[in-house]
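**Q** Got a predicted structure plus its sequence, pasted below:
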Amino acid sequence: MSLLWRILAILFLALAIVGAVLPLLPTVPFLLLAAWCAGRGWPALEQWLLGHPRYGHSLREWRRGQVVSRRAKWAASVSMAFGALVLQFAPVPVAARVAVPLVMLIVSIWLWRRPEQ
């Protein structure tokens with residue numbers, strides 16, 4: 001079972017790294033998942049993630065009580081709005097042009113309901 005948790009932790013960490021480069025793929029949610037999986041099968045990776053100079057604070061705050069900083073909320077909301085705008089000009093079905101922004105709106109509302117401190 002430990003091997004499965006390690007594989008999942010690596011997968012989510014890889015997705016987080018890709019998300020750090022691609023503007024439309026989130027980073028922190030994948031880091032949260034990576035830390036959660038690592039906590040079940042790879043304590044050293046979990047500690048490394050929690051101590052990371054850039055993302056460690058956000059991960060620790062989330063664990064403390066699902067706390068999300070206002071800056072992170074704004075960054076996520078602006079990114080989702082930009083993604084929804086770009087999607088309107090993409091060659092995708094109309095259903096995607098409607099459904100994806102609705103999901104982003106729901107996520108944004110949920111995000112803004114998280115505590116900030």
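**A** Perfect, I can see it now.
**Q** how about the strands in the protein?
**A** Taking DSSP state E, the chain contains no strands at all.
**Q** Point to the residue nearest the middle of it.
**A** Closest residue to the average C-alpha location of the chain: residue 29 at 2.1 Å, with Cα atoms, centre = their mean.
**Q** distance of residue 78 from residue 6?
**A** 34 Å (Cβ to Cβ, to the nearest Å). Any C-beta I mention is one placed from the backbone N, CA and C, and that applies to glycine too.
**Q** the more surrounded of these two?
**A** The neighbour comparison of residue 78 against residue 6 (other Cβ atoms under 10 Å) goes to residue 6, with 16 against 11.
**Q** which residues sit in contact with that one?
**A** Contacts for residue 6 (Cβ atoms under 8 Å, 6 or more residues apart in numbering) come out as 37-38, 41-42, 45.
**Q** if we go to 6 Å?
**A** Contacts were defined as Cβ atoms under 6 Å, 6 or more residues apart in numbering; by that measure residue 6 touches 41-42.
**Q** where does the chain have low pLDDT?
**A** 23-24 (pLDDT under 70).
**Q** Show me the helices in it, by range?
**A** In the chain, the helices defined using DSSP state H lie at 2-21, 28-41, 43-50, 56-65, 70-88, 94-112.
**Q** Mean neighbour count, those helices: which tops it?
**A** Greatest average neighbour count among the helices of the chain goes to helix 28-41 (a mean of 20), per mean count of other Cβ atoms under 10 Å.
**Q** related to what we said a few turns ago, would you check how far apart the residue nearest to the centre of the chain and residue 88 are?
**A** Taking Cβ to Cβ, one finds residue 29 at 24 Å from residue 88.
**Q** Likewise for residue 34?
**A** 32 Å.
**Q** cool, residue 99 as well?
**A** Counting by Cβ to Cβ - residue 99 and residue 88 are separated by 13 Å.
**Q** same check, this time on residue 102
**A** Following Cβ to Cβ, the distance that separates residue 102 from residue 88 is 13 Å.
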